[in-house]
Structure formats: structure tokens, C-alpha cells
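# Give me a 3D structure for the following:
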Amino acid sequence: MKANKHIQRDGEANKIFNDRSLTYDYRNLISILKPGIKVLDVGCGTGSISKDIANIVGENGKVTGIDNTESFILSGKESYQNIPNLELIHVDLFDFHPEEKFDLIVSARTLQWLSNPKEALVKMKSLLKPNGQISILDYDHTNLDWNPSPPESMQAFYNTFLKWRQDAGMNNRIAEDLPNLLEEAGFHSVEKINSDELYNDERLDYKTKIGIWSKVAGSLQMVEEGYLDNDLRLKAIEEYNHWIETEAISMTMKLNEVRGKI
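Numbering: from 1, shown residues only. Reported below is the predicted structural model:
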């Protein structure tokens, strides 16, 4: 399940994943979770959302989370070792060949990193039971909404980030393209559910959430690959952090959950 390139998804990312929950970060999925079903979570990170799913499907159900970053799986195994119906496996999707198939496959914020999302969907379809269902949650990065506009240095960084992703074959607006991708992969009854993330001062963690772009800018990868001047990167971080403390009102990240059946 490999993209051509991606920001390193470990270290600081562990905390980002651990802070996620089903209620806040995959909220609409709850309506289709039932006791006793078997669920596969593709790109589960540390398993923080997977463990919430496991609590809902109960002791007669099971959740298997897979991720191709070993440090995330090791962290999750340590954190959630007391949840008996949760299994976390370090494996790439395309190398995953389970003995049993699943009632439901979910994947949150993962296909955005892939240069071959349709192939990933076809692989997921092969892992579903007859009448099984898929749910994909992902971003439209082209419509990120800051209020008010952040400093020009961060806007320049963000535009470079989108260019870097595009050149690597990643789809910056995959949230909008998912319905067609699911249909092309052979799913029917496809539906799109708006799942935008709004971060404002009604949430205690809103400054941390808005600060995600400082963390992304913390990586030297785009500098090392010739996309970005390091002085601009450092300026973007400094000015953006100041903007968060002095001007920021809200940030909305555009997300869709797209479901399909076989």
C-alpha cells in the first residue's frame, strides 16, 4: 500500500494517532457498527479508532487493524493489549492474506497517501464477505478553510505541500473522487457523507489541531527533495504558530466518508 513518497508517519505522528477517537474522528461510522461483526481497519495507525470500534462490536465481534508502519503497531499493541477482540498487525495491505473475510472494511485518512488508491480498493473488495460493506474516510486538501487567512509564508508552504503530493501521484481531492473510484472498483450502493472537521475554540484541543501544519512543516523531506527553501519552511512555522496564538478563529478540513457494498 505504498505511495511514491510521504511525510514520515512516525515519531510525532504517534501522538497525533493516539489522540484520535471514533466519536470525534470517524463519527458517522458509528451508525453502521453492529455487535458481532468482523471489521478490518486499513491504515489503522496506532489503533486508537480501531479500539473504539472493538468496544462497539463487542466480545462476539472482532477488529483487525493493519498498518505498514511498524512503530505504530508496536505502540498500539502496548496501549491496547487488554482489548481481547482487537488484533493489530504490521503488514502492507497488498501483502495481507487473512484466512477469514470481513463484514466491514474501514479506512480513515489513508488513501490520500497512495498513488494507487483504486488498486487498494479492489484489494479491499476481495477481503469482504458477500454483502460486505466498505467505508472510506478521507480529505479534500484543495479546500482547506482557515479563518482568517494564515500568513503568506504558511500559504506558500501549503501550496508547495500540495504540489509535492501531486507530483508523487497522490490525489489532493480524493474525498471528492472516492464515489467514482468505488464504483470503478466494483462497489454498488455508493453514498457520500459529509464529515468535515471543524476546529474552533469550542474544542479544548483546537489550537493543537490547527497546529497540525506546523508539525507537517517540521519535516525536512520537501527541503531535501528540492521543493522548498528551508528558510521559508522555518518562517512558515514561526509565523503560523504566532497566528494560532493571536488571530486564529477556526480551521475546517474537508472530509467525506464514502460507503459502498458488494
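# CA atoms for contacts and neighbours, from now on please.
Fine.
# so where's the chain uncertain?
1-18 (pLDDT under 70).
# which residue ranges form the helices in this protein?
12-18, 22-25, 48-57, 70-79, 117-126, 152-167, 174-184, 206-210, 212-217, 221-224, 230-246 (DSSP state H).
# What angle do helix 70-79 and the third one make with each other?
Between the direction of helix 48-57 and that of helix 70-79, the angle (axes from the mean of the first three to the mean of the last three Cα atoms, to 10 degrees) works out to 40 degrees.
# Quick one: residues in contact with helix 48-57.
When contacts are defined by Cα atoms under 8 Å, 6 or more residues apart in numbering, helix 48-57 is touched by residues 17-22, 25-26, 33-38, 41, 44, 61-65, 76, 80, 83, 85-86.
# circling back: return the most buried member of the helices of the chain.
helix 48-57 (a mean of 22; mean count of other Cα atoms under 10 Å).
# closest one to D140 among the helices of the chain?
helix 174-184 (5.0 Å; Cα to Cα).
# Selection in ChimeraX covering whichever of the contacts of helix 48-57 are buried, please.
Of those, the buried ones can be selected in ChimeraX as follows, counting by 16 or more other Cα atoms under 10 Å:
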select :17,18,20,21,22,25,26,33,37,38,41,44,61,62,63,64,65,76,80,85,86
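# Which residues lie in contact with the residue most central in space within the chain in this structure?
Nearest to the geometric centre of the chain sits R109, at 1.7 Å (Cα atoms, centre = their mean). Contacts of R109 were listed using Cα under 8 Å, 6+ apart, and they are G43, L137, D138, Y139.
# from these, which is closest to Y199?
Nearest member of these to Y199, counting by Cα to Cα, is Y139, at 14.9 Å.
# ok, what's across the strand from the closest one?
The partner list for Y139 in beta bridges (DSSP bridges) reads L255.
# hang on, it packs against E257?
No - contact between Y139 and E257 fails when scored by Cα atoms under 8 Å: they sit 9.1 Å apart.
# Residues that sit against both of those two, list them.
A175.
# Which members of the contacts of R109 are classed as buried?
Applying 16+ other Cα under 10 Å to the contacts of R109 flags G43, L137, D138, Y139 as buried.
# The first one contacts F72, correct?
To tie it back to what came earlier, the one meant is G43. No - counting by Cα under 8 Å, G43 stays clear of F72, with 9.9 Å between them.
# picking up where we left off before, tell me which entries of the contacts of helix 48-57 lie within strands.
Under the assignment DSSP state E, the contacts of helix 48-57 contribute K38, D41, K62, V63, T64, G65, L86 to strands.
# now those in a markdown table, with distance to N230?
Putting the ones in strands among the contacts of helix 48-57 into a markdown table (distance: Cα to Cα, whole Å) gives the following:
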| residue | distance to N230 |
| --- | --- |
| K38 | 46 |
| D41 | 36 |
| K62 | 46 |
| V63 | 42 |
| T64 | 40 |
| G65 | 37 |
| L86 | 42 |
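# I'd like to know which of those residues is nearest to M124.
Taking those together and measuring to M124 by Cα to Cα, the closest member is D41, at 10.3 Å.
# how about the nearest residue to I244 once chain neighbours are set aside, what does it touch?
Closest residue in space to I244, ignoring its immediate chain neighbours: K207 at 6.6 Å, by Cα to Cα, 6 or more residues apart in numbering. By Cα under 8 Å, 6+ apart, the contact list for K207 reads N200, I244, E245.
# Try it again at 10 Å.
K207 sits next to Y199, N200, D201, N241, I244, E245, A248, I249, S250, M251 when contact means Cα atoms under 10 Å, 6 or more residues apart in numbering.
# Please name the bridge partners of the second one.
Beta-bridge pairing of N200, defined through DSSP bridges, involves S250.
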